[in-house]
Each structure stands twice: as structure tokens, then as C-alpha cells.
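1. Structure, please.
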Amino acid sequence: MDHLNPEAFCQSTHHPSPDPRVSFTRSHPDSSRRNYDFKELPREIAQLINLQLLDLKGSSKLKVIPSDVISSLTRLEDLCIGNTFTQWEMEGKSNACLYYKTNRILKLNKFDTSLHVVDGMSKLLKRSEDLHLHELCGGTDAVSKLDGEGFPKLKHLKVESNPNVEYIVNSMDLTPSCRAFPVMETLSLNQLINLQEVISHGEFPTGSFGCLRKVEVEDCDGLTFLFSLFVGRSLSKLEEIRVSRCKNMVEMVSRGWEEIKEDGIINVSLLFPELRHLTLQELPKLSNILCLFEEEKPVLSNQLEIIRDGQLQLSLGNNLRFLKLEKCMSLVKLFPSSLLQNLEELIVENCDNLEQVFDLEGLNVDDGHVGLLPKLESLNLNGLPKLRHICNWGSSMNDNLSSAPVSNIIFPKLNDMLLKSLPALTSFSPGNHSLQRLQHANLDTPLPVLFVETVAFPHLEYLDIHGVDNVKRIWDDQLPQDSFSKLKVVMTAPTSLYLRAHTSQWPLLEILEVFECHQLNVFAFETPTFKQRHHEGNLHMPLFFIHHVAFPYLKVLLLGHNNNIEIWQEQFSVNSCPRLTVLHVCGYGNISVVIPSFMLQGLHNVEEVHVEDCSSVKEVFQVEGLEEEHQAKSLRQLRVLQLWLLPGLTHLWKENKNPGPDLQSLESLRVLECDSLINLVPSSVESFQNLATLDVRSCGNLRSLISPLVAKTLVKLETLIARGSYMIEEIVPDKGEEAPDEITFRKLQHMELVDLPNLTSFSSGGGYIFSFPSVEHMKVKGCPKMKIFSPSLLTTSKLRSVEVEDNEWHWQDDLNTTIQSLFIKMHDNNEVKSAELGASSA
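-> Numbering: from 1, shown residues only. Below is the predicted model:
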């Protein structure tokens, strides 16, 4: 970029600048010898007809910019002026920082509109399409004072951090017959704490605001409403409204009628007919959205409005696609469902007083069936403590469903539903069918049911239910045909959920997650055995009481902290879950085996097994009773095995005469806090050729990790961690077996040996040659008996230091010498400390 000396420039003004960038800054190499500061910008700059950038931030003494200079630079893209500039053409005083880009974007910082706007600035304002005003000064209606012609070319307006502004535009500031913002498309208002109205009262010519498509309002605490009804009627192209953190806003549209009365008749057309996105967040006083209260019933000019409970419901034109309400604490209910016929996504979060979501009164009923919100695809309800029912029948209807004209409610396109933290919720819709009785020998107790036969979800694929403490059962015994039949993901984690007798019919289910359902008893298909046990009141049944292919597409099954019952029944079909790839079991206290033999032979595709916090588990896989062929085939695709907090675990599986499962595909083995584990790897396992991560921590009974034969196969091992296992004496033991001459961990890069108080060496076998050609990081800490890494020949070509504490490293000659020196140093320190203690006690 050229850095122009103004004195030199004044001597050569008759030649247009070859470089369209001019900067008066102190960054020039000769700036120590030249004084670029000047009080008045030279008029000759106007002759730089190709100038695109003019940077005046380094001219601290600049006081005057002649009015005809800036307006002459027709190709100017960037104009930067420092805050020390105070005058335009010696008129008035202001402290302005102006940024102008692409001849259409104008940014004003700390600009005083109470002063006369000279010709140069006026021309910039008139041709600007994007205007940003920051900390504007000049009165309550400072914005409209900038241009009396209503900003005829402005498309985007952003006003922020202006505490004095009360109105964005005032009709009194406009030239008669001039339309206000006729082409403006976006309006963004932020931190205007005294803003009273977005657009002040007054008559505006037809076409004002007619192109406005998006409005964003944030942190404007003076607003009690967003638009007057008069202005709202003119916003025929408005597509998106976002309002957040306006703590005094009560409603979106003002309640006044006088401004729109014509001969005593209320003339209201469709309000926001093109509105598609509406987001209202953190509006604690918002009590209604499009309801206008009036003591006397108004006379209406058309039938586009609905009178409901003394309120006038204004129509949105049925184009709303997205609605989000968050932290609107005074909101009691939403629109009638009849006004949301094109809604695709609804999010309602943390509205503490909301009592209902959908009001069914006024909906068209066809033979007792209602297609509710026919285009709704996503429903998210979260943190609504007073919500008892999601659908209400309306105040004029009796709670008894049999007397209501609606017999079935259908959400025809609803794809995903999240119900979270709804402590008062008892059912999706009220009525006798929302309470079911447990009809067996000793129980006759009514229980709230969430989904009953009167509500259908034929296309629902994703269902997530958390924190619905009042709900005791999710599904009714009988559901509408095809309802829930397309479910692919089910996630439930209420505190008390009862699924006792639901006939599971989910042929497309891919993910099932059931957590913290303390009264969960059974997923079951109706079979004679099940019916008999259910009729007898026998609730002690396995979680899955299924005799045939139940979940043909199930891929992920997560079960945690549910009832302490068996998970599988012995007659469980081998092919019940033929596509299962991930199994996660957590918090089951009474099971001794995670995957019994009758289940194991059907899990040919399982890739991940996670077992956590199961105090009674003694083995993960049960192979007893399996034929040799089935043992060899099982677990062939297993890639990840993670075991954590299993105090009773003694074996991965109990070995027998057969070879056992095939773990050739295993890539990650993590075992943590399994104090009773005797052998990490069963002796029948001869190869871990794909294992990349071996992580063993706090397993108190282990004396070693892997045999030399298995170690020989670890050609892909990258990470080896042994921590907190106090009985481990060596990693690779010397058992006198026929061992290979060399064991090479070809890809091992990271090794940790930490808090192993009985570890004497990596391996005591003197006949092994260990090679670690890729190890770059090794940590050895808390191993007081480790005198040497290995007595055999050792190769560590890339290792240059050993981490002994956090960010403390040590190295001496080679790895064995380093370990020896650490051992000597540790014991010397201990002897010194003992001597000091003895001397002090004497």
C-alpha cells in the first residue's frame, strides 16, 4: 500500500494515483523523517478518481474534511477516520469515526446528528445501502435526522449502543410524501435501552417499510411492544423476527384500536402474512404473542381473526415455519393450533408458567380425526414445570374424552420429538384414556400414560424423553395402527417409567437408550407365556421378553441404572438383534453375566461393548454351552471393549477346552477399576494383531498384562498405559514358555507406567530382545521397585527422555541406564529423608 506524504502529494495532484490505495499512517519506513499530520485534508485528493481506500487514522491533527472531497471519490471502497477528527467544513463539532466500504456500506461511530450534516456526508448517506450506527448522538430520534428523505436506497440498518434513541424513525423528520425506508430489508437493533417504539406513531406514506424482511432486536429494555398494529399491517414481506433480552416487552403488537378504526369498524388484514421464522428469547414479561385484549368486543371487518376467551387472535397468514420461545416466564399458552398449519419446527424452552402448547378448539374435525399441525416435523419441549398436557381440548370441552368431538389426533409428519424436564406432565393429551390401571392379581392402581390410543405419530423416527417424573407409563396397551412404527431412535431417562405390558412393534428402530427408569420392567411381544405371567401379576421377568426377531434394524442399545433384573430371557431369539453393533450396559447390580451364551451366538456384528458400574458381574461373555463353531464366530467384529468399575469381574470369559471367541479385530481394550480381575487376556487368545490401545488402570489382582506370545502379535499397538495396579510386577512376564527371540512394538508411540508399586521391570525375561522403534513419549512415575527397564537387549531409537513428573524429564545414555539412575536417585533421597527424620527424633 502507498503511504503518501501530503506535502509531496500537493506538488503532484495533477496526476491520478496509479495505486488506488492511499494511507496517511506512521507505518512508512521514512515516517521518522516525515510529518504526515495535517489539520485539513487537501482538496486535491478529490482528483484521485480511482481511489478505493483512504486511511486517515494516523492523522491525529485532522480537523477539517472539505465537503466536496469525499463525495467526489466515486470509487471509494474504504474510508477510515480516527476519533480525533472533529469538524466537517468547519461547521459544528463532533467526534466521529467513519468507515465506508464498497461505496454502499457506511459505519458511523459516535456521530452527532444534532449538528448540520454537510453535503459530503449527506451524499454518502443517500447512496448507502448498508448503514451501521454505533453510539449515535443527537436526540431521541437521531436516526431519522440523518436523512429527511427516508433513506431511499438503504437496505440494511444496524443501530447499537445508543442510550438516548427512543425512535428509529419519526414521521415529523421526513420530507412530506417521502416514504420511510422503502427498500430496507433488514433492521437490527441492539442495546437501545430507552427505545420506546421501533417506529414512532405517525402517518407514513404507502410503501414505507414495504420491503422489510428481517427484524432483530436485542437488549432494548424500554420496549413494551415490538410494533404498533398500524405499522404491523404494512410489513407484508416480513419473513423473520428475532427478539431477545427485552425485559419489559409485554406483547409483540400493541393493543390500541383507535389508529386502525374506520367508521367504527376494526380493519385488520393478515398480520405478517409472509412470516416464516419467529424467535422470542428471555422476555420475562411477555404474556401474549398475537392476542389483543379489549374490554368491549370489537367490530371486525373480516373473518381472519378469532375471538377466544375475550381475546382477539390475529392470523399470521399461515406461513410460519419455525417458532422458538425461550425464557418467556409470563407466557401461559401459545397460538391456537389453527394458526400454525405450516409450522415445521417448534422449540419451547424454560417458560416457567406455560400450561399448554396446543389448543385444539376450532380445528376442523373429519369423522373424529384431526390432522394436527400437518407440516410439523420437529417438536422440542424442555424445562416447562407447569405443563400438564401438551394438547388441550379447549375450555369449552369436558375433560371426559368420550364427550369430545375429537377421537383421534394425528401428527402426520412429526419426525423427532424431545420431551425434557417436564415434571408436571402426565399425558400428551387429557382424558380417561390417559390413566390406565394395572389389572392383575394384587394391583388396581391408575397410572398416568403419556401416549394413548387417541394420539398417533405415523412418521415419528426420533423420541427422546428425560425428566418426566409424573409419567409412569410411556405407551398405552393399544395404539393407533402404524403409530410409532417408524421409530429409529428411542432415548428415555425418566426417574420412574413403567413399560409393563407394551407390545413392542418397532421394526425400524436403530437406537434404543433406556436410562434411570427405576420401575422399568419389560419390553415384550404378546406371547402366551407373557400373557399368562402378566395376568398372574408376575413382574419379575427379563427386560426383553421376546421370542422372535424383535428389532431387525437395531444398531445401538444403551441400558443404564434400570431395575436390577436380568436383561435377556433364556428363550431370546438368536436373531432378535441381527444388526446390533454397539452395546452399553451400566448400573445393573444383580447380573453376573453381561452377554449370556444364548445371546452371544447371535451378535455376529457387534463392534463395541461397554460395561460400567455393574457390581455383581463376574464375566462379560459366557461361552459355556456354546459349540466350538459358535465360540469361534462370536465377537469376530468386536473393535472396542471398555470395562469400568466391575469389582466382581474375574475373567472376560471362563475358559474351557474350546478356543474361545475370536478377538482378531479388537482395536481398543480399556479396563479400569476391576479389582478382582485375575487374567486380562484369556490364555486361549493368541493374537491381538489389530490392537492399537491397551489401557489398564486400578486392577489390583493383575500381576502382568500380556504374555510374550500375545506381545509378539501387537504389531499395531500405539498406546500402552498401566496405572494404579499395585500387584503388577512386570508387563510381559517370563513364564518359561517358548518365546520368540525378538518382540517388536513397531508402532508404539506412547507408554505410561504410573503408580505400580511392585513393578520391577517391563519384562524380567533375559532371552527377549525388545524393540521400540517408534516410542517418542514414555512416562515412568511411582514405580519404586523398578531397577531396570529390561535385562535383555533394548532398542529405543527415537526416545530421548523419560517423563518422571509433570513436565519433568530425565535421560542418561539409554533407557536402561536412565531407569537405573532414577532408581538410585529415588533411594538416595529416601535414605537422606530417613536420616533426617532419625536425627530430628534424637
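2. so where's the stretch 451-600 of the chain shaky on pLDDT?
-> Residues of the stretch 451-600 of the chain that meet the criterion pLDDT under 70 lie in 477, 494-505, 517-550, 563-566, 569-574.
3. Recalculate using a threshold of 50.
-> Applying pLDDT under 50 to the stretch 451-600 of the chain flags residues 495-503, 522, 524-528, 530-531, 534, 538-539, 541-542, 545-546.
4. Strands of that one, residue ranges please.
-> For the stretch 451-600 of the chain, the strands defined by DSSP state E, counting those that start in this stretch cover 455-456, 462-466, 473-475, 489-493, 511-515, 523-524, 544-545, 556-560, 582-586, 593-595.
5. can I get these in a markdown table with distance to S684 and mean neighbour count?
-> All C-beta atoms are positioned from the backbone trio N, CA, C, and that covers glycine. Shown next, in a markdown table, are these (distance: least, C-beta to C-beta, whole Å; neighbours: other C-beta atoms under 10 Å):
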| stretch | distance to S684 | mean neighbour count |
| --- | --- | --- |
| strand 455-456 | 53 | 24 |
| strand 462-466 | 42 | 19 |
| strand 473-475 | 43 | 22 |
| strand 489-493 | 37 | 19 |
| strand 511-515 | 33 | 19 |
| strand 523-524 | 34 | 23 |
| strand 544-545 | 30 | 23 |
| strand 556-560 | 27 | 19 |
| strand 582-586 | 22 | 19 |
| strand 593-595 | 17 | 24 |
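6. and L283, which of those strands is closest to it?
-> strand 462-466 (25.6 Å; C-beta to C-beta).
7. what does the closest one rub up against?
-> Applying C-beta atoms under 8 Å, 6 or more residues apart in numbering, the contact partners of strand 462-466 are 415-421, 450, 471, 474, 484, 487-494, 497.
8. Parallel or antiparallel, list what pairs with that strand.
-> If you go by DSSP bridges, strand 462-466 pairs up with strand 416-420 (parallel), strand 489-493 (parallel).
9. Pull the contacting residues for the closest residue to S764 other than its chain neighbours.
-> The shortest distance from S764 to any non-neighbouring residue, by C-beta to C-beta, 6 or more residues apart in numbering, is to D734 (5.0 Å). D734 is in contact with P708, S763, S764, G765, G766, Y768, counting by C-beta under 8 Å, 6+ apart.
10. Relative to L793, how far out is D734?
-> Here D734 is placed at a distance of 15 Å from L793 (C-beta to C-beta, to the nearest Å).
11. can you map out the helices along this structure?
-> 6-10, 67-70, 119-127, 229-234, 528-535, 597-600, 628-633, 708-712, 815-841 (DSSP state H).
12. pLDDT averaged over the fourth one - what is it?
-> When the per-residue pLDDT values of helix 229-234 are averaged, the result is 79.
13. buried residues in it?
-> L229, F230, V231, G232, R233, S234 (16 or more other C-beta atoms under 10 Å).
14. Pull up the gap between Q820 and K798, please.
-> Distance from Q820 to K798, by C-beta to C-beta: 21 Å.
15. same thing with S763?
-> Remark: distance between S763 and K798 (C-beta to C-beta) = 20 Å.
16. More neighbours: these two, which one.
-> S763 (24 against 11; other C-beta atoms under 10 Å).
17. where's that one relative to P163, distance?
-> Counting by C-beta to C-beta - S763 and P163 are separated by 74 Å.
18. And V715, by the same measure?
-> Taken as C-beta to C-beta, the span from V715 to P163 is 69 Å.
19. Bridging across strands, which residues link to Y462?
-> D416, V489.
20. correction: I409
-> Assessed by DSSP bridges, I409 has beta-bridge partners V370, V455.
21. Please tell me the pLDDT value assigned to it.
-> So, for I409, pLDDT stands at 82.
22. Could you do the one 4 residues further on as well?
-> According to the prediction, K413 has pLDDT 94.
23. mind listing what it touches?
-> Applying C-beta under 8 Å, 6+ apart to K413 gives the contacts P374, K375, L376, E377, H459.
24. Repeat the analysis, applying 6 Å as the threshold.
-> Taking C-beta atoms under 6 Å, 6 or more residues apart in numbering as the criterion, K413 is in contact with K375, E377, H459.
25. Give me the distance between K123 and D147.
-> For K123, the distance to D147 - C-beta to C-beta - is 11 Å.
26. who has more neighbours, these two?
-> Comparing K123 with D147 by other C-beta under 10 Å, the one with more neighbours is D147, at 25 against 16.
27. these two touch, right, the more buried one and L125?
-> Yes. In this structure, D147 is within contact of L125 by C-beta atoms under 6 Å, at 5.1 Å.
28. Put the buried members of the contacts of K413 into a PyMOL selection.
-> Buried members of the contacts of K413, defined by 16+ other C-beta under 10 Å, are picked up in PyMOL with:
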select buried, resi 377+459
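29. could you dump the contacts of K413 to a markdown table with distance to H156?
-> Shown next, in a markdown table, are these (distance: C-beta to C-beta, whole Å):
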| residue | distance to H156 |
| --- | --- |
| K375 | 31 |
| E377 | 31 |
| H459 | 39 |
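30. Tell me the one of the contacts of K413 nearest I410?
-> The closest of the contacts of K413, once distances to I410 are taken by C-beta to C-beta, is H459, at 10.0 Å.
31. how near is that closest one to V489?
-> 14 Å.
32. about what we covered before: which of the helices of the chain has the lowest mean pLDDT?
-> helix 6-10 (a mean of 46).
33. What is the burial count for L756?
-> Using other C-beta under 10 Å, L756 has 24 neighbouring residues.
34. make that W809, sorry
-> Residues near W809, counting by other C-beta under 10 Å: 12.
35. Can you verify my assumption that it contacts L799?
-> No. In terms of C-beta under 6 Å, W809 does not count as a neighbour of L799; the distance is 11.1 Å.
36. just to revisit the earlier point, please produce CSV containing the buried residues of helix 229-234, extended by distance to T175.
-> Output for the buried residues of helix 229-234, formatted as CSV (distance: C-beta to C-beta, whole Å):
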residue, distance to T175
L229, 26
F230, 21
V231, 20
G232, 25
R233, 23
S234, 19
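37. And the strands of the stretch 451-600 of the chain: which comes nearest D219?
-> In terms of C-beta to C-beta, the element of the strands of the stretch 451-600 of the chain nearest to D219 is strand 462-466, at 31.7 Å.
38. tilt between the closest one and strand 511-515?
-> Put simply, strand 462-466 runs at 10 degrees to strand 511-515, going by axes from the mean of the first three to the mean of the last three C-alpha atoms, to 10 degrees.
39. could you give me the average pLDDT of stretch 781-797?
-> For stretch 781-797, the per-residue pLDDT averages 90.
40. Determine how far the last residue of that stretch lies from the first.
-> Stretch 781-797 has an end-to-end distance of 22 Å (C-alpha to C-alpha, to the nearest Å).
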